[in-house]
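Novice: sequence? don't have it. structure:
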C-alpha cells in the first residue's frame, strides 16, 4: 500500500536501485490525452544521473519504455505501465553495507520493519525510485497544461548557507534550466556550484531548500478536512527521499506577524474576487483560492559520505564505515523536476475529484 499515491489519478511505483528496472503503473488517466515517449523522456532527462559535474557520475540513460495504456500517441484510459531499465548498477560497491548500517540511511529501519533489506543502493529507499514519479508526473503535467493552463516551476532557493535574493514572481523554466544547479539567479548559482564542488572534494555533502510556484490553479480544488490541498502537497513532498520540511505560503515566517498584518484582504479586481496579498500561498481552508500556490521543501545533506563514520553492524558491534558507490554531493539539482512532478500528481488528482463531485449529477438548486 505504501507504494501507491493518489485517489482518482493513482500511481504505483516499483523496483529497486540496483535491480533490473524501475517503473510506474498509472491508473485513472483519462482517455484521449495526446502524449509521447519523447515528452515523458524530457522530464526523465532532467532527473537522470550524470547530467553535470555536480551530480552523481552514475551513467544511466533512463530510457522510458511504454508497456501499456498508450497507443498511437494517445492514452487509452486503461492502466499505463512505464518501464526504465537499470544499466549501470554496481552492486559490488555495497558489499560492506550488507551487514553494516550506514549512518542516516534507511538500512536499520528497513531491517526493523521487514526483517530483511536490499543493501545495494538502498533498494526501495533509494532516490532512484522517483523515476516512476517523474514519468507519471510528465503525464499529469500534460493534463494540467492542456485542460487548465497550469504552469509549475520549481528551483533551488538555497544550498547550505548560500541563498538567492528574495523575489516576488516565479522565474521562467528557461531561467531555471540555464544553470546545472537549477538556481535562476546566475551569481548565486555560481556560488552554489562552487560550494558543491568544495564539499565533494572533502567527501562531504550539503542540503538546501527548493521553492515551487504554481500558476493557473482554479479556485475550489481540495478536499477538507483530511485531504486539504496543502496537506496532500505536504504528504507528496515529504514522501520524497531526503526531505525534512515543508512550508506553504508565509509558513513559519507568518508566525512573526499579527493577524492584521497577515490576513489576505479580498478585493474585486476587474469583476473577479481576488486577494490583495497572498500570504496564504493560494490555499485557504484547504481549498485553492485561485491565487498562485507557492511552497518550499527542505532537503537534508546526502547521507552517503566518502569519509569514515562510526556505526554498528547488524549484531550491534561497533565499527567504522566509509561510503562507496556513486552519490550526489547535493540532491537538490536533480530533485527540482521531482518536486514539480509530485505537485502535478497532487493537482491532477484533485482536479479529477472536483470534476467527479460537480459534474456527476445535475441537481437543481
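Specialist: Perfect, thanks for sending it. Being a predicted model, the structure only gives us computed values, none of them experimental.
Novice: Could I get the full set of helices for this structure?
Specialist: 37-47, 107-114, 130-148, 173-177, 186-201, 229-238, 259-262, 332-359 (DSSP state H).
Novice: Looking at those helices, which is nearest to residue 81?
Specialist: Nearest of the helices of the chain to residue 81, taken as Cβ to Cβ: helix 130-148 at 10.2 Å. For the C-beta atoms, the positions are set from N, CA and C on the backbone; glycine is no exception.
Novice: Would you mind getting the angle between the closest one and helix 229-238?
Specialist: Angle of helix 130-148 versus helix 229-238, following axes from the mean of the first three to the mean of the last three Cα atoms, to 10 degrees, is 150 degrees.
Novice: The stretch 201-350 of the chain: strands as residue ranges?
Specialist: Here the stretch 201-350 of the chain has its strands, by DSSP state E, counting those that start in this stretch, at 208-215, 243-248, 266-269, 272-275, 283-284, 287-288, 293-299, 308-312, 318-322.
Novice: Looking at those, spot the one closest to residue 46.
Specialist: With Cβ to Cβ as the yardstick, what comes closest out of these is strand 208-215 (13.3 Å).
Novice: what are the pairing partners of the closest one, and which direction each?
Specialist: strand 151-159 (antiparallel), strand 293-299 (antiparallel) (DSSP bridges).
Novice: which residues touch the longest one?
Specialist: With Cβ atoms under 8 Å, 6 or more residues apart in numbering as the contact definition, strand 151-159 has outside contacts at 141, 144-145, 163-164, 170-173, 176, 181-184, 192, 195-196, 206-216, 296, 330, 332-333, 336-337, 339-340, 343-344, 347.
Novice: Now which of those would you call buried?
Specialist: 141, 144, 163-164, 170-171, 173, 176, 181-184, 192, 195-196, 206-215, 296, 330, 332-333, 336-337, 339-340, 343-344, 347 (16 or more other Cβ atoms under 10 Å).
Novice: Need the pLDDT of residue 327.
Specialist: Note for residue 327: predicted pLDDT of 81.
Novice: Is it correct that it is in contact with residue 242?
Specialist: No - judged on Cβ atoms under 8 Å, residue 327 makes no contact with residue 242 at a distance of 11.2 Å.
Novice: so what sits against both of these two?
Specialist: Common neighbours of residue 327 and residue 242 (Cβ under 8 Å, 6+ apart) are residue 302.
Novice: would CSV of the strands of the stretch 201-350 of the chain with mean pLDDT and distance to residue 6 be doable?
Specialist: CSV is the format used below for the strands of the stretch 201-350 of the chain (pLDDT from 0 to 100; distance: least, Cβ to Cβ, whole Å):
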stretch, mean pLDDT, distance to residue 6
strand 208-215, 98, 17
strand 243-248, 98, 18
strand 266-269, 96, 32
strand 272-275, 96, 29
strand 283-284, 98, 18
strand 287-288, 98, 17
strand 293-299, 98, 18
strand 308-312, 94, 37
strand 318-322, 92, 37
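Novice: Throw those strands into CSV and include distance to residue 115, thanks.
Specialist: Shown next, in CSV, are the strands of the stretch 201-350 of the chain (distance: least, Cβ to Cβ, whole Å):
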stretch, distance to residue 115
strand 208-215, 35
strand 243-248, 26
strand 266-269, 56
strand 272-275, 52
strand 283-284, 41
strand 287-288, 43
strand 293-299, 30
strand 308-312, 18
strand 318-322, 22
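Novice: Looking at these, which is nearest to residue 358?
Specialist: The nearest among the strands of the stretch 201-350 of the chain, by Cβ to Cβ, is strand 287-288 at 13.1 Å.
Novice: which residues sit in contact with residue 55?
Specialist: 49, 180, 328, 333, 334.
Novice: Surely the last one is in contact with residue 328?
Specialist: Yes - counting by Cβ under 8 Å, residue 334 does reach residue 328; the two are 6.5 Å apart.
Novice: Please identify every residue contacting each of the two.
Specialist: Jointly contacting residue 334 and residue 328 under the rule Cβ under 8 Å, 6+ apart are 49, 55.
Novice: Which of the contacts of residue 55 sits closest to residue 12?
Specialist: Distances from residue 12 to those, taken by Cβ to Cβ, are shortest for residue 334, at 22.3 Å.
Novice: can you tell me how far that closest one sits from residue 203?
Specialist: 20 Å (Cβ to Cβ, to the nearest Å).
Novice: These two: which has the busier surroundings?
Specialist: residue 334 (22 against 14; other Cβ atoms under 10 Å).
Novice: Tell me how far the more buried one lies from residue 248.
Specialist: From residue 334 across to residue 248, the span is 23 Å (Cβ to Cβ).
Novice: Stretch 312-328: end-to-end distance?
Specialist: 24 Å (Cα to Cα, to the nearest Å).
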